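> Below are the sequence and a predicted model for it; my questions follow.
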Amino acid sequence: MSVQGKTVVVTGASRGMGEATAEVFGAAGANVVLLARGIEATTKIAERIGDNAMAIACDVSDFASVQAAIDAAEARFGPVEVLINNAGALEPISHLMNADPEAWGKIIDINLKGVFYGMRAVLPGMVARGDGTILTISSGAAHGPVEAWSQYCSSKAGAAMLTRCVDKENGAAGIRAMGLSPGTVATQMQKEIKASGINPVSQLDWSDHVPPEWPARALLWMCSPDADGFVGTEISLRDDDIRRRVGLV
């Protein structure tokens, strides 16, 4: 599958991995729709990419906002053929027994319900057409506990299961659902983790993190037939074979 002329929606596209992903897909000829709560940063990125990009203000924790964004994307570029669930949050970093319940729940709203809302908004059209790709940013935290990250680990574990559910229910209808665990990436989130000083991840040196362009390129590769064998699963960018197939080594 070439993404040339395809409509690709990227959530959390105002910075970091989302920004890099929008740029990589735009350079590959896709019609890229950048979603984020703030419109100013994504508008600048879209203008930099060119006429094949547009920015839409969207709160992924609100289904009506997500559905409206998908409708606007399709009105401009046609049916959404690729959804990239990248939006995610971690703070406040806190041990479970001290966690603020409202703040804890907000992370679930963004990282878990936000992924579901994106899937729910695009799946009916994708299934009707018999074609579509849904890629979700996962994490090693989805598969093992990390100190003071209970909200992040729980939400990422749920999002990983949503990928499996989409494959279970819609894989036979031509829907390609996959997760990408990128490892630690040099983004604003890693600065927040570093500042917390809690758990081994905060002790990593900045040079230990991969650049955001790496997962962006991996996501583009995941839209190709070479990745078909991984449909319904989660790909780890720590895997040397995956890095070779993506062209990162």
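In hand now; what should we look at?

> count of residues packed around the residue nearest to residue 174 when sequence neighbours are not counted?
Excluding its sequence neighbours, the residue lying closest to residue 174 (Cβ to Cβ, 6 or more residues apart in numbering) is residue 130, at 4.3 Å. C-beta coordinates here come from the backbone N, C-alpha and C atoms, glycine included. Residue 130: 10 surrounding residues under other Cβ atoms under 10 Å.

> Residue 130 reaches residue 172, doesn't it?
No: the pair residue 130 / residue 172 is not scored as a contact, 10.0 Å apart, by Cβ atoms under 8 Å.

> Walking through the chain, point out its helices one by one.
Assigned by DSSP state H, the helices in the chain fall at 16-27, 39-49, 63-77, 101-108, 114-129, 150-170, 188-196, 213-222, 240-246.

> Can you check the pLDDT for the residue nearest to residue 174?
Looking at residue 130, its pLDDT is 97.

> and what of residue 1?
The predicted local confidence for residue 1 is 58.

> what's the spacing between the most centrally placed residue in the chain and residue 148?
Centroid check for the chain by Cα atoms, centre = their mean gives residue 86 as the closest residue, at 1.9 Å. Residue 86 sits at a distance of 23 Å from residue 148 (criterion: Cβ to Cβ, to the nearest Å).

> any weak-confidence spans in the chain?
Counting by pLDDT under 70, the chain shows low-confidence ranges at 1, 186, 204-208.

> Name the residues of stretch 100-120 that come out as buried.
104, 106-119 (16 or more other Cβ atoms under 10 Å).

> which residues are in contact with it?
Stretch 100-120 has contacts (Cβ atoms under 8 Å, 6 or more residues apart in numbering) with 9, 11, 60-63, 66-67, 70, 83, 85, 87-90, 92, 94, 134, 136, 150-152, 154-156, 158-159, 162, 166.

> Is residue 22 in contact with residue 54, as I believe?
No: using Cβ under 8 Å, residue 22 makes no contact with residue 54, being 10.4 Å away.

> Identify the contacts common to these two.
32, 34, 46.

> which residues does the first one contact?
Spelled out, it's residue 32. Residue 32 touches 8, 10, 22, 25, 26, 46, 49, 52, 53, 54, counting by Cβ under 8 Å, 6+ apart.

> Try it again at 6 Å.
8, 22, 25, 26, 53 (Cβ atoms under 6 Å, 6 or more residues apart in numbering).

> distance of it from residue 215?
For residue 32, the distance to residue 215 - Cβ to Cβ - is 16 Å.

> What distance do you get for residue 151 to residue 65?
Counting by Cβ to Cβ, the gap from residue 151 to residue 65 is 21 Å.

> more neighbours, the two?
Taking other Cβ under 10 Å, residue 151 and residue 65 do not tie; residue 151 has more neighbours (26 against 19).

> check contacts around that one.
Residue 151 touches 104, 107, counting by Cβ under 6 Å, 6+ apart.

> can you check residue 66 too?
With contact set as Cβ under 6 Å, 6+ apart, residue 66 has these partners: 60, 117, 118, 121.

> Not counting sequence-adjacent ones, nearest residue to residue 235?
Nearest in space to residue 235, with sequence neighbours left out and distances taken as Cβ to Cβ, 6+ apart, is residue 180 at 5.3 Å.

> Sounds good, over and out.
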